[in-house]
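Q: Mind folding the following:
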Amino acid sequence: MKNLQIKTGIKIIFFLLLFVSAAPLFAQVIPPQLQTVSQQIEEAFTGPIVKIILVCCLAACGIAYAFNKDNEKMKRNLIAIIVGIVIIGAATEIVAMVGNNIG
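A: Below is the predicted model:
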């Protein structure tokens, strides 16, 4: 069972890396009329407001984690939320990097 989970994880990581490496190719196919719309959407998700919100959420999770050391259920939930915040933060940085390399 554990071996199956490892293989599934490796497949997911492989497809994510494949998608990230192919992202610049898809970005070149976007028509010029949609460039401004896509740039506005990108700025909305990678702007400073989103980063401030993510930092505040991460700080709140850290405070809640510190005050709920004995509550195992709360600790598991907070760790899951922290992992989600980190993934979202990393995704915004990846989008910003790809956008800077293309534009």
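
Q: C-alpha from now on. contacts and neighbour counts both.
A: Fine.

Q: helix/strand/coil for the residue of the chain most remote from its centre?
A: Distance from the C-alpha centroid of the chain, by CA atoms, centre = their mean, peaks at residue 70 (29.3 Å). Secondary structure state of residue 70, per DSSP: H, G, I helix; E, B strand; the rest coil, is coil.

Q: neighbours around residue 50, how many?
A: Residues lying near residue 50 (other CA atoms under 10 Å) number 16.

Q: Please report how far it lies from residue 87.
A: For residue 50, the distance to residue 87 (CA to CA, to the nearest Å) stands at 13 Å.

Q: What of residue 52?
A: 15 Å.

Q: residue ranges with poor pLDDT in the protein?
A: For the chain, the stretches flagged by pLDDT under 70 are 1-5, 18-32, 34-35, 38, 99-103.

Q: Let me see the ranges of the strands in it.
A: Counting by DSSP state E, the chain forms no strands at all.

Q: need the helices for it, in chain order.
A: All helices of the chain, identified by DSSP state H, fall at 2-27, 32-46, 48-67, 72-102.

Q: Buried residues, the third one. List them.
A: Put plainly, it is helix 48-67. Buried residues in helix 48-67, counting neighbours by 16 or more other CA atoms under 10 Å, are found at 50, 51, 54, 58, 61, 65.

Q: Now tabulate the residues you listed in JSON lines and tack on distance to residue 37.
A: Putting the buried residues of helix 48-67 into JSON lines (distance: CA to CA, whole Å) gives the following:
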{"residue": "50", "distance to residue 37": "18"}
{"residue": "51", "distance to residue 37": "21"}
{"residue": "54", "distance to residue 37": "24"}
{"residue": "58", "distance to residue 37": "30"}
{"residue": "61", "distance to residue 37": "34"}
{"residue": "65", "distance to residue 37": "39"}
